[in-house]
Each structure stands twice: as C-alpha cells, then as structure tokens.
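S.K.: sequence and predicted structure below; questions after.
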Amino acid sequence: MVRPSLRFAKTRLIRTPSRTRLKKIDKRTKKPHCSQCGSILHGVAFGNRDKVRKMSRSEHLPTRLHAGYLCSRCLKSAIKAEIRS
C-alpha cells in the first residue's frame, strides 16, 4: 500500500534544460467541508493550491459571515441561537 502522505499526490517527471530529471509532486486538495456538520461547502473554490492562491478573495470565498467555515444551514441556526440568548 502507498504511504499515507503520497496517496493524494500526483508525481511526474520533468525535463530541464540541463537534461536532469526532477520529480514534481502536485498535492490534490479535497472539497471544503462545514466545521459543524461536515457537509460540502458550496461557492468555495478548491483544487490545486497554487490556482486557489492566485485567485482574488472574492473569487474563492463568498462574502458573508463565517464564509468557508459553516454551511448555510449551520450558519442560520448559529445566528438564531445567538439572537435568542
């Protein structure tokens, strides 16, 4: 079985001008999940880390409270609980 650190990585050989070969590892990322219920977050970018890092903040995160951490259902219940207490 493959080592756990290499299970989500893609390796490939790259030729350089000096004809040396390098092994490049591209880490794959999983879809972002809600921290409370574990459901997949919609509207949050995922994929290669370099591509997500190059996006602007408005492109990879929604502009609302707790964006990227809580789904809409958990956020709704959290706001209700905060107002009631």
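M.R.: Yes, it's here.

S.K.: show me the shaky parts of the chain.
M.R.: 6-11, 22, 24 (pLDDT under 70).

S.K.: what ranges do the strands span in it?
M.R.: 9-15, 21-27 (DSSP state E).

S.K.: next, the buried residues of the longest helix seen in the chain.
M.R.: Of all the segments assigned as helix in the chain under DSSP state H, the longest by residue count is helix 72-84. Neighbour counts over helix 72-84 (16 or more other CB atoms under 10 Å) mark 74-75 as buried. From N, CA and C alone the C-beta is placed, and that goes for glycine too.

S.K.: repeat for stretch 18-35
M.R.: 32, 34.

S.K.: how long is it from one end to the other?
M.R.: Distance between the boundary residues of stretch 18-35 (CA to CA, to the nearest Å) amounts to 47 Å.

S.K.: figure out how far it is from the centre of its chain.
M.R.: If you compare the mean C-alpha spot of stretch 18-35 with that of the full chain, they lie 12 Å apart, counting by CA atoms, centre = their mean, to the nearest Å.

S.K.: switch to numbering from 709
M.R.: New numbering, starting at 709: the last item is stretch 726-743.

S.K.: dump the residue contacts of residue 740.
M.R.: 748-749, 752, 754, 776 (CB atoms under 8 Å, 6 or more residues apart in numbering).

S.K.: now swap in residue 754 and tell me
M.R.: 737-740, 760.

S.K.: show me the contacts for the residue nearest to it when sequence neighbours are not counted.
M.R.: If you skip the residues right next to it in sequence, residue 754 has residue 739 as its closest partner in space, 5.1 Å away by CB to CB, 6 or more residues apart in numbering. Residue 739 sits next to 748-749, 754 when contact means CB under 8 Å, 6+ apart.

S.K.: between the residues you listed, which is nearest residue 769?
M.R.: Compare each of the contacts of residue 739 with residue 769 using CB to CB and the shortest gap goes to residue 749, at 9.7 Å.
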